[in-house]
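Enquirer: task: produce atomic coordinates for the following.
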Amino acid sequence: MPPLRIVLPGGSGHIGQILARHFHEQGHFVSVISRHNKLSKWDTILWDANTLGRWAKCLEGADVVINLAGRTVNCRYTEVNRREIKNSRIFTTHLVGDAIARCSRPPRLWINASTATIYRHSIDRPMDEVTGEVGEEPNVPDTWKFSIDVAIGWERTLFAANTPKTRRVAMRSAIVMSPEDGGGFDILLGLVRWGLGGTAGRGDQYVSWIHDVDFVRAIEFLISHEELEGPVNVSSPYPVINREFMCCLRRGWCTSYFGLPAPRWALSIGAALLSTETELVLKSRRVVPKRLLDAGFEFHFPNWRGACHDLIQRWREIHAD
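Expert: Numbers count the residues shown, from 1 in each chain. Model (predicted):
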C-alpha cells in the first residue's frame, strides 16, 4: 500500500491510538483531530467537536477519514449521559460529513465508527450485515433499546451526508482486544488476576470480539477493497459465549479454572458502584463478519483461544518491568 494521508477525527482514544500508531509505523501520513493537544509522533489538530474550523482543511485531499468521535458508553445511562452519548456521535458525524462536502478534493473513503450493538440480543443465531436484525429489541431493559437507537441514528447520519464522491463504510465493530492499559482486555484480565473473572449472569450470552492485529488489518482491507461500502461488521468470525470466554482467559493466565461468578443481581450492584451499565456484559452480541469474509479477508486470530494466548503474552511483556 503506497503512503496515504489518513485523518482520524476523535482519534485520541484507545482505538484511535492503535490505528494512529500502526499507520504511522507503516509510513503513512497521520493526522489526529482531538480536543486535546497530546504529544505524539503524528500531527494532532485541535477541534471543539461542535463547529467547522481550521481542522476541516486537513480533510482536503486526504485519502482516508476514519471518524471515531463519541463519548464513552462506559457510564450510567442517566438523562444527561444519554444526551451526550447520542449527540457526541450524531453531531460529530454530521460535522465530518459537512467538512467533506465542502472539499474540492474530498477523501476517497470515509470510515465512520458504528457498533455491533446495533443488532438485537441474539443467542439463537448469528447476526450478519444481510440477515441481522437491526432495531428490534423486545422485552429488554430501556438502556438496551437506547443503545440501538444511538447506533441507528449514528449510521443514518453517515449515509445521509452529501458526499457523493466519497465511499462510506459504517464500521460495526465488536470490542477490540488489545493488551495495552485501559482497553477491554486489560480490564477483563484484571478481573481474572483478582479471582473475579467468572461467569457473568447466566453465561450463555455471546461475546463478539476482535484481536487488535486483525482490527487494523481489517481497516487496511476496507481501504484497499473499493467494492466494500455500507455497513461492515468488524469482528472475529467466532463469537464465544461468556462462560467459555472467561474460562479460556482464566486458563490462559494459568490460574485455577474457578472464577468467582457474578449473578445478575451482583452485576447490577457492581455496575452502580462502578458507574457503568450491565448491558456491556449481559447483552448477547453474536456478530459475524460476513462481508469481510465474502470479500476474502483472512483472520490471523479467528479463535478466542489463540487470540487470548497472544494477548496474555504481550500483556506480560508490556508489564515485565
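Enquirer: where does the nearest residue to residue 200 once chain neighbours are set aside fall, phi/psi-wise?
Expert: Distances taken as C-beta to C-beta, 6 or more residues apart in numbering place residue 281 nearest to residue 200, at 4.6 Å, with adjacent residues excluded. (Glycine included, C-beta is placed from N, CA and C.) When read as degrees, to the nearest 10, the backbone of residue 281 gives phi -120, psi -20.
Enquirer: mind listing what residue 281 touches?
Expert: 200, 201, 205, 242, 267 (C-beta atoms under 8 Å, 6 or more residues apart in numbering).
Enquirer: what bits of the stretch 151-300 of the chain have low per-residue confidence?
Expert: 255-260, 262-263, 265-267, 269-278 (pLDDT under 70).
Enquirer: all strands for it, in order.
Expert: In the stretch 151-300 of the chain, the strands defined using DSSP state E, counting those that start in this stretch lie at 167-173, 175-177, 206-207, 209-211, 230-234, 240-241.
Enquirer: pull up the pairing partners for the third one, direction included.
Expert: Think strand 206-207. Applying DSSP bridges, strand 206-207 is found paired with strand 240-241 (antiparallel).
Enquirer: wait, doesn't residue 161 sit right on residue 100?
Expert: Yes: if you go by C-beta atoms under 8 Å, residue 161 and residue 100 touch, sitting 7.0 Å apart.
Enquirer: when these two are compared, which one has more neighbours?
Expert: residue 100 (23 against 19; other C-beta atoms under 10 Å).
Enquirer: okay if I get the strands of the stretch 151-300 of the chain as a markdown table plus distance to residue 251 and mean neighbour count?
Expert: Below are the strands of the stretch 151-300 of the chain laid out as a markdown table (distance: least, C-beta to C-beta, whole Å; neighbours: other C-beta atoms under 10 Å):
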| stretch | distance to residue 251 | mean neighbour count |
| --- | --- | --- |
| strand 167-173 | 26 | 23 |
| strand 175-177 | 16 | 22 |
| strand 206-207 | 16 | 23 |
| strand 209-211 | 17 | 26 |
| strand 230-234 | 27 | 23 |
| strand 240-241 | 13 | 19 |
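Enquirer: ok now stretch 87-103, how far from the chain's centre?
Expert: The chain centre lies 19 Å from the centre of stretch 87-103; the measure is C-alpha atoms, centre = their mean, to the nearest Å.
Enquirer: so what's residue 154 closest to, chain neighbours aside?
Expert: Nearest residue to residue 154 in three dimensions, chain neighbours excluded: residue 89, at 4.7 Å (C-beta to C-beta, 6+ apart).
Enquirer: just the helices from the stretch 151-300 of the chain, written as ranges.
Expert: Applying DSSP state H, counting those that start in this stretch to the stretch 151-300 of the chain gives helices spanning 184-193, 212-224, 242-252, 264-273, 279-282, 290-294.
Enquirer: orientation of the third one relative to helix 184-193 in degrees?
Expert: Using axes from the mean of the first three to the mean of the last three C-alpha atoms, to 10 degrees, the direction of helix 242-252 lies 70 degrees away from that of helix 184-193.
Enquirer: same question for the second one.
Expert: Here the directions of helix 212-224 and helix 184-193 differ by 160 degrees (the same axes, to 10 degrees).
Enquirer: can you list the buried residues in helix 212-224?
Expert: Neighbour-count burial for helix 212-224 flags 212, 213, 214, 215, 216, 217, 218, 219, 220, 221, 222, 223 (criterion: 16 or more other C-beta atoms under 10 Å).
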